[in-house]
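>>> Below: sequence and its predicted model.
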Amino acid sequence: MEEEREVFTFGPYKKDRREVFYSTPLSYALVNIRPVLPGHVLIIPRREVKRFPDLTDDEICDLWITARLVGSCLEKYHNATSLTLNIQDGPEAGQSVEHVHIHVVPRKVGDFERKDDIYDVLDEKEKELKKKLDLDIERKDRTFEEMVREADIYRSLLV
């Protein structure tokens, strides 16, 4: 019953626990409403921290250990050959939600014409999301049900 009451926040937003597919006492993994590629997820510290330098050493270690575990699992699941791990730290870096988060994106040959184009796409997606959130417009990229189904799959990989 404790798990059912567990609350996950991402900046000012409460995230439904069914969107979370992995968690530790210090961080959690969340499916992404606007993935740039299959398997694009977010790793987020439980404590709301706006900037990476403000995390504790324990939070930094846990965040990256979680990113390594989740990334490795999703890379295999999506038959990928690489991972992009990205933090946009602060508004000038493209951060849309003022809560540290790592983008974990499984990568394959040819997923982008130029490999580094992913950074432009991540930046653009963050800007689009910020605009939608700021205007309080309903996000329509993926339904909640789609995200829950994906989280269920990923959760089963990490058991």
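It's in.
>>> In contact with the residue nearest the centre of the chain: list those residues for me.
By C-alpha atoms, centre = their mean, the chain has its centre lying nearest to residue 42, at 1.0 Å. Shown in contact with residue 42 (C-beta atoms under 8 Å, 6 or more residues apart in numbering): 10, 29, 30, 32, 101, 102, 103, 104. All C-beta spots, glycine's among them, are computed from the backbone N, C-alpha and C.
>>> which residues in this protein form strands?
8-10, 13-15, 20-23, 27-31, 41-45, 82-86, 102-107 (DSSP state E).
>>> Is it possible to get TSV of those that adds mean pLDDT and distance to residue 150?
Shown next, in TSV, are the strands of the chain (pLDDT from 0 to 100; distance: least, C-beta to C-beta, whole Å):
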stretch	mean pLDDT	distance to residue 150
strand 8-10	95	16
strand 13-15	93	14
strand 20-23	97	8
strand 27-31	97	5
strand 41-45	98	9
strand 82-86	95	17
strand 102-107	96	13
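>>> Need these in TSV (columns: distance to residue 92).
Below are the strands of the chain laid out as TSV (distance: least, C-beta to C-beta, whole Å):
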stretch	distance to residue 92
strand 8-10	20
strand 13-15	22
strand 20-23	29
strand 27-31	24
strand 41-45	20
strand 82-86	15
strand 102-107	17
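>>> Of the ones you listed, which is nearest residue 69?
strand 20-23 (7.5 Å; C-beta to C-beta).
>>> could you dump the closest one to CSV, C-alpha only?
Output of strand 20-23 as CSV, limited to C-alpha atoms (Å, rounded to 0.1, in the frame of the first residue of the first chain):
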residue,chain,number,x,y,z
VAL,A,20,7.6,5.5,-13.4
PHE,A,21,9.2,2.2,-14.2
TYR,A,22,12.2,2.2,-11.9
SER,A,23,13.0,4.0,-8.6
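>>> Distance of residue 93 relative to residue 120?
From residue 93 over to residue 120 the distance is 13 Å, taken as C-beta to C-beta, to the nearest Å.
>>> got it, and residue 106?
From residue 106 to residue 120 the distance is 18 Å (C-beta to C-beta).
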